[in-house]
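# can't give you the sequence, but here's the structure:
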């Protein structure tokens, strides 16, 4: 089995347009959750979100590109540019034919669907732009990364709602570990913050109207975000041979299905995924110093997740730190696990633990060290990143400092 | 439109019961309506009466809208109709 390391990271999300800006915001416990700017905002019951504001596609892409790139694809390409530039890799020859792209998204080009449904239903138009299909498809972002960087190996998109990017990264990790691919570009992207996307979530009545307060007794729901996180996963010897900077090592991954309920999470399903990631990575539970929680800020998730962590870690659950960065960037659905992996890298590489902000009241059912309100300096050698999706599909990654 | 009859019809449909088997003193639990059934019932109530029901599925017990019994739900709907009539 090969060792797998991360040699490039990129992002765009409500906290920042790149990795340094995002990590700085996490260190400073800043919130990226803002009043939404969008058409028909007054018709929304939920009017806040982790929206990437002040972003003008025209500043980064030309007219032909914008005609083909939904907002989620744009986010992917911006994050991929940062990650691949950091890795220093050029994809040609054998590397190009063996490297792949596995990305996660839940809604894909939902903004494109929303705009074009408006055109045909609301405005009564009988014709839409010729590129609506290639723009909205869930694999568009993956394909554009592959085309832009000449990456020709195994490439596809994974959809498992809120766990999409963790499933994608777990799969990419296994591809590299097995020796099948020397390099995988992986992560995820989401841009569900469009009128129809928010309306759908409003319907479920699990959204907060005033803020995301994971693990805090006075929490009242999730807040949606958007953005992308993209990483370069590389075989360790391949990275070392070319003197690449190594950000962290991915050591384990696990996936599980609750097989129980379409929206309510299960403690057993979550615990099996956490335990599975530890055993896949041969990590002793006592080594885990930090967990990036799924931590949505809903009563159902937070209680279940804390109970699962307590079950798996026993007394060590009280010694480790667990925080939800969704309190700052919002729930970026299919892209969220990738954005959250940055907090794990920061913990392992920089010794800085991202906080759970907006923490106001302890909840006896979430009695863990949630790193409330302020980032903390701590030496951590191993970390986990949790993702538990609607539909009961779970994916957990285990990482180590290098 | 008789509020009581319509609310009972909505809850009965969700509970897969005959409306005559739904009593006003019953709780949602007794009716066998779970959290998803509740969210669907509230949606049906909003659509039927053209009102907006203040309800958050994260903390059903703490919402302004009292769901502790069929009677309370009927009362709440009547109140919201008066409040939101304009």
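Received the coordinates, thanks. What you see is a predicted model, and the numbers here were worked out from it, not measured in a lab.

# could you show me where the helices are in the stretch 251-400 of chain A, in order?
Ranges of helices in the stretch 251-400 of chain A, per DSSP state H, counting those that start in this stretch, are A:267-280, A:299-313, A:326-329, A:336-345.

# which helices and strands does the third one pack with?
Which is helix A:326-329. Helices and strands touching helix A:326-329, by 3 or more Cβ pairs under 8 Å, 6 or more residues apart in numbering or on different chains; DSSP states H and E, are helix A:19-27, helix A:336-345. Just so you know, the C-beta spots here come from the backbone N, C-alpha and C atoms, and that holds for glycine as well.

# picking that back up, for the helices of the stretch 251-400 of chain A, which one sits closest to residue A:44?
For residue A:44, the closest of these is helix A:326-329, at 19.8 Å, according to Cβ to Cβ.

# Quick one: mean pLDDT over the closest one.
Predicted confidence along helix A:326-329 averages 98 (mean pLDDT).

# Show me where the chain has its strands.
Picked chain A for this. A:4-13, A:34-35, A:48-49, A:100-104, A:155-158, A:183-190, A:227-235, A:248-257, A:288-292, A:321-323, A:352-353, A:376-377, A:382-388, A:393-400 (DSSP state E).

# Out of these, which is the most enclosed?
Most buried of the strands of chain A by mean neighbour count (mean count of other Cβ atoms under 10 Å in any protein chain shown) is strand A:183-190; its value is a mean of 34.

# I'd like the distance between residue A:399 and chain B.
From residue A:399 across to chain B, the span is 31 Å (Cβ to the nearest Cβ, to the nearest Å).

# what sits against that residue?
A:248-251, A:341, A:344-345, A:348, A:382-385 (Cβ atoms under 8 Å, 6 or more residues apart in numbering or on different chains).

# can we see that at 7 Å?
A:248-251, A:344, A:348, A:382-383 (Cβ atoms under 7 Å, 6 or more residues apart in numbering or on different chains).

# One more: residue B:66?
B:72, B:76.

# Check what pLDDT it gets.
Value listed for residue B:66 in the pLDDT field: 93.

# cool, the one 5 residues further on as well?
Model confidence at residue B:71, expressed as pLDDT, equals 97.

# Residue A:21 - how many residues pack around it?
Residue neighbour count, defined by other Cβ atoms under 10 Å in any protein chain shown, stands at 14 for residue A:21.

# and what of the one 5 residues further on?
Taking other Cβ under 10 Å as the neighbour definition, residue A:26 ends up with a count of 25.

# mind listing what the closest residue to it other than its chain neighbours touches?
Distances taken as Cβ to Cβ, 6 or more residues apart in numbering or on different chains place residue A:354 nearest to residue A:26, at 4.0 Å, with adjacent residues excluded. If a contact means Cβ under 7 Å, 6+ apart, then residue A:354 has A:26, A:323, A:325, A:343, A:346, A:375 as its contacts.

# Check chain B for the residue nearest chain A and tell me.
residue B:57 (4.2 Å; Cβ to the nearest Cβ).

# Look at that residue and tell me its secondary structure.
On the three-state scheme (DSSP: H, G, I helix; E, B strand; the rest coil), residue B:57 is labelled coil.

# can you tell me which residues contact it?
Per Cβ under 7 Å, 6+ apart, neighbours of residue B:57: A:204-206, B:35, B:39.

# So for those, which is the shakiest by pLDDT?
residue B:35 (86).

# helix/strand/coil for residue B:37?
Assignment for residue B:37 (three-state DSSP): helix.

# Up against chain A, what does chain B have?
Within reach of chain A by Cβ under 7 Å from any Cβ of the partner chain, chain B has these residues: B:36, B:39, B:55-59.

# Check those for burial and list the buried ones.
B:39, B:55-58 (16 or more other Cβ atoms under 10 Å in any protein chain shown).

# if we can go back for a sec, show me what contacts the residue lying closest to the residue of chain B closest to chain A once chain neighbours are set aside?
In space, and not counting its chain neighbours, residue B:57 is closest to residue A:205: 4.2 Å by Cβ to Cβ, 6+ apart. Applying Cβ under 7 Å, 6+ apart, we find residue A:205 in contact with B:39, B:55-57.

# Dump those to CSV, plus distance to residue A:390.
Listed next are the contacts of residue A:205 as CSV, based on distance: Cβ to Cβ, whole Å:
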residue, distance to residue A:390
B:39, 14
B:55, 19
B:56, 17
B:57, 13
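
# For stretch A:335-351, list every residue counted as buried.
Neighbour-count burial for stretch A:335-351, counted by 16+ other Cβ under 10 Å, picks out A:335-349.

# Now the spatially most central residue of chain B: which helix or strand?
What sits nearest the mean C-alpha location of chain B, by Cα atoms, centre = their mean, is residue B:73, with 4.6 Å. Remark: residue B:73 resides in helix B:70-84, with elements defined by DSSP states H and E.

# by contact count, what packs against that helix?
Applying 3 or more Cβ pairs under 7 Å, 6 or more residues apart in numbering or on different chains; DSSP states H and E, one finds that helix B:70-84 contacts helix B:3-15, helix B:35-49.

# elements contacting the shortest one?
This points to helix B:3-15. helix B:35-49, helix B:70-84.

# May I see those organised as TSV, with distance to residue A:399 added?
Output for these, formatted as TSV (distance: least, Cβ to Cβ, whole Å):
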stretch	distance to residue A:399
helix B:35-49	35
helix B:70-84	49
